[in-house]
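Asks: No sequence on hand, only this structure:
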Ligand SMILES: Nc1ncnc2c1ncn2[C@@H]1O[C@H](COP(=O)(O)OP(=O)(O)OP(=O)(O)O)[C@@H](O)[C@H]1O
Ligand SMILES: Nc1ncnc2c1ncn2[C@@H]1O[C@H](COP(=O)(O)OP(=O)(O)OP(=O)(O)O)[C@@H](O)[C@H]1O
Ligand SMILES: [Mg+2]
Ligand SMILES: [Mg+2]
């Protein structure tokens, strides 16, 4: 059920990365892969470096990349063939997008890929990363390359030197994409960490989405704090939906949250909330809060203000269907998780773009969607709707420099609350079981909670 | 109450167009202006050509643009000063964005603008249109330039010749934007009608929105057909909200609509509908229909399935507030027109990008938002929510080659229905007054309707 704004893409797209080593190709490939999977377009990265390492001993030094080394060149061509072969299986097995993460730095290699795609009826689009700032490159090598298997037993200076040599070998044959010579080739060039972009001959809506996404991505380190609103009166009563006020516990959480950030003292913190009372009340003490209607909780339609049990009684068919496929099933006149992801997608673009730390105060289902994005949850249908997002717990999401799954640290702020998590299948928890605050992990304000207020 | 994703922009932005004559600068300027105004960012175009024509006799031939003609050059500098002066008033008078539609084709002129913006604390961003295809340029001149006042009494060949000469004068001094020479300048270059783009140093979220929009805009002629669903059972009963089925009249409209497009026989027609029963039923006979949840009707929240009278009784405060400001007032736990525009904005981008004709079957409030965009309705708050969008009437929206307000032709398909329009203030029509189908305008299927079925 893959849809692109309501349309199932009928095509297969190969995205070819282009660029010298240590230009963030793998970083960009991973980010796009996570993004597309999250909007339900099945995407996989095929990393040629990993093919190389799988096929051989891990000890290939720069000489392997010397263009005058024929064995190396021939072997790299074989690896590319192997990747195309695997891409074909991936497309047969339900994939829509394959990202070929390799240098693809010569026109001949790219032509080989275009030919293969043409023969198979696949579309192809290139993403080139260009960066000539020696400081950035050196930093990238230190950050991302010293851990490679081939450098396991080498000291830092030697490893950096070898990697620089590898770059030089590639550079001697490097032919960047060029609008004149590659007039009909669809591509985007990302220059100097997103300071400059060149877009050529974009065609499909999917390419436009990739382009828009890439333009918003950046690498400056920062943290995204995600939390649900404080406990609401509806949470306490086990009701879904509604626009209830905070309970006394919830009000305490709002206080605590504000005090916590006061202590962190983040100079450029931005705060977002939804348009609902419980998130606005939770952020009331913060300054410069932006309220997004797009962050509102999953719309439960005609089940608004019911208990789950009432839902089951009144809409048994829906209830059974939702048990079966919680991700795709819409509440009667409401939304599904799938719908919700589409609705909050512009917020993800905006989150990617924001520089500086961000606190997002939202809702259980919305937080599940965001978390699935940042953790790159596999198999959305099976996992996304079941993630546990406890109340009164701050999730500290730290993007990794490699663009991989973010680290998520749970920071319970120690204010008592009910649990609203409903586990999958038979082992259901009653909705309004008072939840004992879990032991706080070390944090600037790791105090313990008192008993529930109400 | 101007918000950018929930944030009131605190800055002023000057957008400077750049490019030789007949490159679509005014086209792009108008499109962006309409778009930004529609998302509630107050924007105005300042066209230097109009300043010139206002100030002088209309008979300025190419010689005026000869760089060796000092009077011309000096006069053009004065016009630029005048425009900056007017932009200042516009910003004082609530404007957020000013688009300076001029050639701005020398680095010196752009530096003058950047200095002025810097002095005033305004941001500046340039949009350059580059096109070297002589066929396109000739076509642009024929299409857009022969109507200019200065060519009123000239024959076509002479006018085209004079305009070509004007272009040549500009070309002799033309300095395109350049990432090396203009490293820190924010700009986008649109090359060959959107076949190629260069983006340099984008900064604010607003610049990103402009960039994304421009990348989606195209000029291929096509038609957008907009209609509401067929009459629903709720329409007949005068109820708002709900997810009712089509009435027998409505079902007849669905048949008629399909037959109408069958006769038009548009080879590349795309059809969109919302996720609601009444639009899906209206499009049931069409092939390849895409259903967008984002096209669902304005969410009336707790007023769902009420009459207006019940709304007034149950929520008198809301009702009075909505009478006062229909555009910004949210239904209790539902949406405002302002919210709706934000929600359907991705659909506008997608509509701009679609090539080929498009039929959009949606709802009264949604259609009002779309129509306001395509007609560039001034003063959204006063006009947008009051536009009359009768049932059973096709709106044929034809974009103009100049990028100005679209022509909208109303084509009633001659099937009887109620009127759901509620006029402003006191002169209220009862909601379920049977509406006599108006006389169809000439159209391929201009047959007359029978009497109401129910
Ligand atoms: N657009 C970019 N330009 C330069 N560096 C970037 C860019 N995006 C991310 N980076 C940084 O590049 C580093 C990682 O490089 P990455 O492993 O992705 O490079 P690569 O091009 O895949 O190298 P290789 O060819 O060796 O696989 C990260 O530290 C990341 O922060
Ligand atoms: N990106 C583009 N490149 C070239 N032509 C375009 C582009 N966008 C629109 N056009 C076409 O350009 C024509 C109109 O030109 P327009 O009046 O906007 O040019 P201009 O650059 O403002 O000229 P002038 O400098 O004389 O004001 C229209 O017919 C429009 O379809
Ligand atoms: Mg890599
Ligand atoms: Mg113009």
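Replies: Okay, I see it. Because the structure is a prediction, the values reported are computed rather than measured. Ligands and ions are numbered 1, 2, ... in the order given.
Asks: Break down the stretch 1-150 of chain A into its strands, ranges please.
Replies: Using DSSP state E, counting those that start in this stretch, the strands assigned to the stretch 1-150 of chain A run over residues A:13-18, A:43-47, A:97-101, A:123-130.
Asks: in the stretch 151-300 of chain A, what residue is nearest ligand 4?
Replies: residue A:199 (24.3 Å; CB to the ion). Where you see a C-beta, it was placed from the backbone N, CA and C, and this is true even at glycine.
Asks: Quick check: chain neighbours aside, which residue is closest to that residue?
Replies: Leaving aside its sequence neighbours, residue A:199 sits nearest to residue B:197 (CB to CB, 6 or more residues apart in numbering or on different chains; 4.1 Å).
Asks: Likewise for residue A:391?
Replies: Spatially, and ignoring its direct neighbours in sequence, residue A:391 is nearest to residue A:417 (4.2 Å; CB to CB, 6+ apart).
Asks: Pretty sure residue A:385 sits against residue A:326.
Replies: Yes. Counting by CB atoms under 8 Å, residue A:385 touches residue A:326, with 4.1 Å between them.
Asks: shared neighbours, the two?
Replies: residue A:337 (CB atoms under 8 Å, 6 or more residues apart in numbering or on different chains).
Asks: how many neighbours does the residue nearest to residue A:391 have?
Replies: 29 (other CB atoms under 10 Å in any protein chain shown).
Asks: now swap in residue A:324 and tell me
Replies: For residue A:324, using other CB under 10 Å, the count is 9.
Asks: what does residue A:138 give?
Replies: 14.
Asks: how much space between it and ligand 1?
Replies: 11 Å (CB to the nearest ligand atom, to the nearest Å).
Asks: That residue and residue A:160 touch, don't they?
Replies: Yes. Residue A:138 is within contact range of residue A:160, at 7.2 Å (criterion: CB under 8 Å).
Asks: where does chain A dip in pLDDT?
Replies: Filtered on pLDDT under 70, chain A yields the residue ranges A:1-9, A:55-60, A:425-454.
Asks: Let me see the contact set for the residue in chain A positioned nearest to ligand 1.
Replies: The nearest approach of chain A to ligand 1 comes at residue A:24, 2.4 Å away (CB to the nearest ligand atom). Neighbouring residues of residue A:24 by CB under 8 Å, 6+ apart: A:129, A:131, A:140, A:190, A:193, A:219, A:403.
Asks: One more pass at 10 Å, please.
Replies: A:17, A:30-31, A:129, A:131, A:136, A:140, A:144, A:190, A:193-194, A:217, A:219, A:401-403 (CB atoms under 10 Å, 6 or more residues apart in numbering or on different chains).
Asks: Mark which of those are buried, thanks.
Replies: Neighbour-count burial (16 or more other CB atoms under 10 Å in any protein chain shown) is assigned, among the contacts of residue A:24, to A:17, A:30-31, A:129, A:131, A:136, A:140, A:144, A:190, A:193-194, A:217, A:219, A:403.
Asks: Next one: the residue in the stretch 51-200 of chain A that ligand 3 sits nearest to relative to residue B:127, how far apart?
Replies: Of all residues in the stretch 51-200 of chain A, residue A:101 sits closest to ligand 3, at 5.6 Å by CB to the ion. Separation of residue A:101 from residue B:127 (CB to CB, to the nearest Å): 34 Å.
Asks: What of residue A:35?
Replies: Remark: distance between residue A:35 and residue B:127 (CB to CB) = 27 Å.
Asks: Residue A:416 too?
Replies: In terms of CB to CB, residue A:416 sits 55 Å off from residue B:127.
Asks: So these two - more neighbours on which side?
Replies: When neighbours are counted by other CB under 10 Å, residue B:127 comes out ahead of the other of residue A:416 and residue B:127, with 24 against 20.
Asks: Identify the bridge partners of that one.
Replies: Under DSSP bridges, the beta-bridge partners of residue B:127 are residue B:17, residue B:188.
Asks: show me the contacts for it.
Replies: B:15-19, B:25, B:28-29, B:32, B:99, B:101, B:104, B:177, B:187-190, B:210-211, B:214.
Asks: now the helices for the stretch 351-454 of chain A?
Replies: Using DSSP state H, counting those that start in this stretch, the helices of the stretch 351-454 of chain A run over residues A:364-375, A:380-383.
Asks: Could you tell me how many residues sit around the closest residue to residue A:389 other than its chain neighbours?
Replies: Excluding its sequence neighbours, the residue lying closest to residue A:389 (CB to CB, 6+ apart) is residue A:367, at 4.6 Å. Residues near residue A:367, counting by other CB under 10 Å, number 22.
Asks: Can you name the residues that contact residue A:367?
Replies: A:226, A:227, A:228, A:229, A:295, A:297, A:360, A:361, A:387, A:389, A:393, A:395.
Asks: List only buried entries from those.
Replies: Of these, these count as buried by 16+ other CB under 10 Å: A:226, A:227, A:228, A:229, A:295, A:297, A:360, A:361, A:387, A:389, A:393, A:395.
Asks: Which residues are in contact with the residue in the stretch 1-150 of chain A positioned nearest to ligand 3?
Replies: Relative to ligand 3, the nearest point of the stretch 1-150 of chain A is residue A:26 (3.2 Å; CB to the ion). For residue A:26, the contact set (CB under 10 Å, 6+ apart) comprises A:17, A:45, A:47, A:49-50, A:99, A:101-102, A:129, A:144, A:402-404.
Asks: make it 7 Å
Replies: A:47, A:101 (CB atoms under 7 Å, 6 or more residues apart in numbering or on different chains).
Asks: Kindly report the same for the one 3 residues further on.
Replies: Contact analysis of residue A:29 by CB under 7 Å, 6+ apart lists A:17, A:45, A:99, A:101.
Asks: Quick check: it vs residue B:231, distance?
Replies: According to CB to CB, residue A:29 and residue B:231 sit 51 Å apart.
Asks: same question, residue A:386
Replies: 43 Å.
Asks: The two - which one has more neighbours?
Replies: Counting neighbours by other CB under 10 Å for residue A:386 and for residue B:231 shows that residue B:231 has the greater number, 30 against 15.
Asks: so that one touches residue B:248, yeah?
Replies: No. Residue B:231 lies out of contact with residue B:248 (CB atoms under 7 Å); the separation is 8.7 Å.
Asks: okay, now residue A:152: neighbour count?
Replies: The burial count for residue A:152: 11, using other CB under 10 Å.
Asks: hmm, back to that, which of the contacts of residue B:127 come close to ligand 4?
Replies: Applying CB under 5 Å from the ion, the subset of the contacts of residue B:127 adjacent to ligand 4 comprises residue B:25.
Asks: List only buried entries from the contacts of residue B:127.
Replies: Buried members of the contacts of residue B:127, scored by 16+ other CB under 10 Å, are B:15-19, B:25, B:28-29, B:32, B:99, B:101, B:104, B:177, B:187-190, B:210-211, B:214.
Asks: Tell me who's in contact with the residue in chain A sticking out farthest from the centre.
Replies: Relative to the centre of chain A, and counting by CA atoms, centre = their mean, the farthest-placed residue is residue A:68 at 40.0 Å. Under the criterion of CB under 7 Å, 6+ apart, residue A:68 has no neighbours.
Asks: and what of residue A:120?
Replies: residue A:88.
Asks: What distance do you get for it to ligand 2?
Replies: 34 Å.
Asks: Also residue A:342?
Replies: Residue A:342 is 30 Å from ligand 2, by CB to the nearest ligand atom.
Asks: do residue A:138 as well
Replies: In this view, residue A:138 and ligand 2 are 41 Å apart by CB to the nearest ligand atom.
Asks: ditto for residue A:299
Replies: Distance of residue A:299 to ligand 2, computed by CB to the nearest ligand atom: 40 Å.
Asks: what residues are up against that residue?
Replies: Here residue A:299 is in contact with A:331, A:334, A:335 (CB under 7 Å, 6+ apart).
Asks: for it, helix, strand, or coil?
Replies: Each residue gets one of three states, and residue A:299 gets coil by DSSP: H, G, I helix; E, B strand; the rest coil.
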